[in-house]
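Undergrad: 3D model of this:
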Amino acid sequence: MRRWAVGIVRRLWREMVGFSMVGVVGVTCDIATFNLVIGVFHAPKVYGSVAGTTLGTVVGYLGNRFWVFRRRDRRQSAAEVVLYLLVSGVGMLITAACVAFNEYVLGYTSLLAANVAQFIVGQGLGTVFRFWAMHRWVFPEARALDYAADPAAARPDEEPATAVLTSCQPADAV
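TA: Below is the predicted model:
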């Protein structure tokens, strides 16, 4: 189990760091929008959740497409955007469900409780889902099987270790 986990981290660490950095910028936009909608416009907390997550999603798409996953093959723009929006929509539902559960089931109505539900619990669960789904469906490794069969098939701008490690094996096992 440990070797498997180490292999995944070795293979994906750059994407994990980049995804996290884009996420920090997106969450900053999300926090500002969430608190603006609730604090200034006095809208229901779930509306603030949806508004903030929507802005964070737009920022996230731009950062992920043009920075984190820039070397991945591009699909038709419309198909990629639709997949991104579907994955982000599920992530948004996870986050909004945490806010709704916090307020309507648990009865915590303070702004602090809403922020904890939104940004610690909801975003935490949503981020794990988003990274997995984006890596798998939105920005997939189109040539992963080709690389595993023939490491020489890797594009010259990629590191050979990335091409060889597509099977999630640690580098010393390959």
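Undergrad: run through the residues that contact the nearest residue to Ala114 once chain neighbours are set aside.
TA: Distances taken as Cβ to Cβ, 6 or more residues apart in numbering place Lys45 nearest to Ala114, at 4.7 Å, with adjacent residues excluded. C-beta coordinates here come from the backbone N, C-alpha and C atoms, glycine included. Contacts for Lys45 (Cβ atoms under 8 Å, 6 or more residues apart in numbering) come out as 38, 99, 103, 114, 118.
Undergrad: list the buried residues for the helix or strand hosting Gly7?
TA: Element membership of Gly7, judged by DSSP states H and E, is helix 2-39. For helix 2-39, burial by neighbour count (16 or more other Cβ atoms under 10 Å) applies to 6-7, 10-12, 15, 18-19, 22-23, 26-27, 29-31, 33-35, 37-38.
Undergrad: so Trp67 makes contact with Val25?
TA: No: using Cβ atoms under 8 Å, Trp67 makes no contact with Val25, being 10.4 Å away.
Undergrad: quick one, helices of the protein?
TA: Along the chain, counting by DSSP state H, helices occupy 2-39, 45-63, 77-100, 111-116, 123-133, 144-149, 160-164.
Undergrad: rebuild those as CSV, extending it with distance to Arg71 and mean pLDDT.
TA: CSV is the format used below for those (distance: least, Cβ to Cβ, whole Å; pLDDT from 0 to 100):
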stretch, distance to Arg71, mean pLDDT
helix 2-39, 10, 89
helix 45-63, 15, 92
helix 77-100, 14, 92
helix 111-116, 36, 94
helix 123-133, 17, 92
helix 144-149, 13, 50
helix 160-164, 9, 39
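Undergrad: neighbours around Val138, how many?
TA: Using other Cβ atoms under 10 Å, Val138 has 24 other residues around it.
Undergrad: ah, wrong one, I meant Leu112
TA: 8.
Undergrad: likewise for the one 10 residues further on?
TA: The burial metric for Gly122, expressed as a neighbour count using other Cβ under 10 Å, is 26.
Undergrad: same check, this time on Arg136
TA: When counting by other Cβ under 10 Å, one arrives at 11 neighbours for Arg136.
Undergrad: then Leu85?
TA: 15.
Undergrad: start the count at 51, not 1, going forward
TA: Sounds good: first residue 51 from here, last item Leu135.
Undergrad: before I go, just wanted to say thanks for your time.
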